[in-house]
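K.L.:
this one's sequence-less:
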Ligand SMILES: C[S@@+](CC[C@H](N)C(=O)[O-])C[C@H]1O[C@@H](n2cnc3c(N)ncnc32)[C@H](O)[C@@H]1O
C-alpha cells in the first residue's frame, strides 16, 4: 500500500481503528450502519465516518485498502458474496483487504437481538475468492479483549485480484509491447 494511502474502515464502531489509522498518517474513512456510532467515531477519530450499510456500500473514488475488523460477522452468509463484491468495487486493482470474523459453524441470532455468522478458514476464503479476491495470508488468534472466553478469530489479508477482462488486456498489452520491441518501435 502506498504511504498515506486511502483506507476504508467497514463497520468502524466507536472509531478505535479509524483513529489509529489516522494517527499513522493514512487518509481514513469509516462507515457504520449505526448513525449514533458513526457520529461517535467521527468525533473520536476526527475523520469522516458515514452512516452506511455494507449492503449499500458505494464510493466514487476507490480506496487503496479496506479494514473490516469484527464487522462482517453481522452479515447473513447468503448476503456475504454480494457485500464482498461491493467491497471489491470500492478498491483499486491490487487493493488490500483485512477482515476478521469469528471461527465456528453456522449462524446464530443471540437473545439480545444481535446476529452472528461463524466461519471456518476454508469457507470464508471460498467466499472471498468467489468475490474476486486473492488470499495472501490467514491466521487464527485468541480474543485479546476477552481472554477468559473461548472466542477465536479468523484473520485474513487478501487483495483485489485482476479480473479476467483486465488480465486479457494486460496480455494484449504485453503482446503489443513485444511486437513493438521486435520491430524497433519502443524506446
Ligand atoms: C463488533 S462491532 C466492531 C466494531 C469495530 N470494527 C471494532 O473492531 O471494534 C461491529 C460493527 O459493525 C456494524 N454493523 C453491523 N451490521 C452492519 C451493516 N449491515 N452495515 C454496516 N455496519 C454494520 C455495527 O454497528 C458495529 O459497529
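P.N.:
That came through, no problem. Just so it is clear, the structure is predicted and the values come from calculations on it, not from any experiment. Numbering: from 1, shown residues only.

K.L.:
excluding covalently adjacent residues, which one is nearest to residue 25?
P.N.:
If you skip the residues right next to it in sequence, residue 25 has residue 4 as its closest partner in space, 4.9 Å away by CB to CB, 6 or more residues apart in numbering. C-beta: built from backbone N, CA, C; applies to glycine.

K.L.:
mind listing the strands for the protein?
P.N.:
Remark: strands of the chain, listed N- to C-terminal, are 6-10, 27-32, 49-51, 63-69, 91-102, 107-109, 115-117, 133-142, 152-160; assignment by DSSP state E.

K.L.:
out of these, which is the most enclosed?
P.N.:
Greatest average neighbour count among those goes to strand 6-10 (a mean of 26), per mean count of other CB atoms under 10 Å.

K.L.:
and the angle from it to strand 27-32?
P.N.:
Here strand 6-10 runs at an angle of 20 degrees relative to strand 27-32 (axes from the mean of the first three to the mean of the last three CA atoms, to 10 degrees).

K.L.:
name every strand pairing with strand 6-10 and say which way it goes.
P.N.:
If you go by DSSP bridges, strand 6-10 pairs up with strand 27-32 (parallel), strand 63-69 (parallel).

K.L.:
now mean pLDDT too, for those strands, in a markdown table please.
P.N.:
Output for the strands paired with strand 6-10, formatted as a markdown table (pLDDT from 0 to 100):
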| stretch | mean pLDDT |
| --- | --- |
| strand 27-32 | 98 |
| strand 63-69 | 97 |
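
K.L.:
select, out of those strands, the one closest to the ligand.
P.N.:
Proximity of the strands paired with strand 6-10 to the ligand was assessed by CB to the nearest ligand atom; the nearest stretch is strand 63-69, lying at 3.8 Å.

K.L.:
hang on, the earlier thing: the ligand: which of the strands of the chain is closest?
P.N.:
Comparing these by their distance to the ligand (CB to the nearest ligand atom), the top pick is strand 63-69, with 3.8 Å.

K.L.:
does that closest one reach the ligand?
P.N.:
Yes: Strand 63-69 is in contact with the ligand by CB under 6 Å from any ligand atom, via residue 69.
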